[in-house]
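A.B. asks: here is my input; please provide its structure:
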Amino acid sequence: MKLTVAGCSPAWPNPAEGHSGYVVEGESGRVLLDCGPGVLPRLRAHEGWPRVDAIAISHFHLDHWGDLVPWTWGLMFGPARDLEPPELWLPPGGTEQLRTFGRLLGTENMFETTYSIREYADAVAFDAAGLAITPIRVPHYGLLSFGFRVVGPDAVLAYSADSGPADALVDLARDADLFICEATLAESWEEGARGHLSLEEAAAAFEASGARRLLVTHRPAELPLAAGFEQARDGLELRV
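C.D. replies: From the prediction side, this is the model:
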């Protein structure tokens, strides 16, 4: 598999970077994990319109799905109107959530008439572009949120999305070849329901999982990583 980071900022953008978006390419096609603001123009910089077979959304915080809106306009009226729309995989209840957004942004059915929409279920694998993707629910305040475990013919990639500390993260990344894990916090200061990790917590989940490689993401530019850690950056390409 090949990974291309199209965006990796936390909820506020790092300078000149997009929000969350990770292209995973296998032998049969390409899947975009999350589609935050700034991801679409980043992808368009390399091709007239992004050719992806599926988009999978981890949760409905804006920095993880916001560029679905301009993507929709491009498919409806713009340069992508003659292209086959991608599958759009959503958390449970996501179809109705997009109808609500549609009523505010355009029309209620704007997303349904543009994409081939499907909803996934916790811990149930689905196939997208020849890749087996298993969503695993992770804690993110009170919001329904999922990480993704992506299995290809010869490699496994795990993506935490946004998560507080949880055993589910360890299961998500168990023996993976690459674990893309968020580390938004300077320290574990959050009280009550957790929604993000510190670098130490991300490293602990990685060590417990037995994954082979850790790629730290969703990290504010104001919090440089300690030596020995590998950080995601826009445009980064890796073979998994």
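A.B. asks: ranges for the strands of this protein?
C.D. replies: Using DSSP state E, the strands of the chain run over 2-7, 21-25, 30-33, 54-56, 87-90, 116-119, 126-128, 131-137, 146-151, 156-159, 178-182, 214-217, 237-239.
A.B. asks: any idea which of these is most buried?
C.D. replies: Among the strands of the chain, the stretch with the highest mean neighbour count (mean count of other CB atoms under 10 Å) is strand 178-182, at a mean of 28. Where you see a C-beta, it was placed from the backbone N, CA and C, and this is true even at glycine.
A.B. asks: Ala161 against Gly147, yeah?
C.D. replies: Yes. Using CB atoms under 8 Å, Ala161 is in contact with Gly147, at 5.0 Å.
A.B. asks: can you list residues touching both of the two?
C.D. replies: 58, 138 (CB atoms under 8 Å, 6 or more residues apart in numbering).
A.B. asks: Leu143: how many residues sit nearby?
C.D. replies: Per other CB atoms under 10 Å, the neighbour tally for Leu143 reads 13.
A.B. asks: quick one: the helices in this structure?
C.D. replies: 39-44, 62-65, 68-76, 94-105, 167-172, 199-209 (DSSP state H).
A.B. asks: got a list of contacts for the fifth one?
C.D. replies: It refers to helix 167-172. The contact list for helix 167-172 (CB under 8 Å, 6+ apart) reads 136-139, 147-149, 158, 160, 163, 181, 205, 208-209.
A.B. asks: for the nearest residue to Leu131 once chain neighbours are set aside, phi and psi?
C.D. replies: For Leu131, ignoring the flanking residues on the chain, the nearest one in space by CB to CB, 6 or more residues apart in numbering is Gly26 at 4.9 Å. Phi and psi for Gly26, reported as degrees, to the nearest 10, are phi -110, psi -160.
A.B. asks: please tell me how far Gly26 sits from Val150.
C.D. replies: For Gly26, the distance to Val150 (CB to CB, to the nearest Å) stands at 8 Å.
A.B. asks: which neighbours do those two share?
C.D. replies: Residues touching both Gly26 and Val150 (CB under 8 Å, 6+ apart) are 1, 131.
A.B. asks: can you give me the buried ones in stretch 44-55?
C.D. replies: By 16 or more other CB atoms under 10 Å, the buried positions in stretch 44-55 come out as 49-50, 52-55.
A.B. asks: for it, the distance to its chain's centre please.
C.D. replies: 15 Å (CA atoms, centre = their mean, to the nearest Å).
A.B. asks: swap in stretch 67-84?
C.D. replies: For stretch 67-84, the distance to the chain centre is 20 Å (CA atoms, centre = their mean).
A.B. asks: this completes my enquiry, with thanks.
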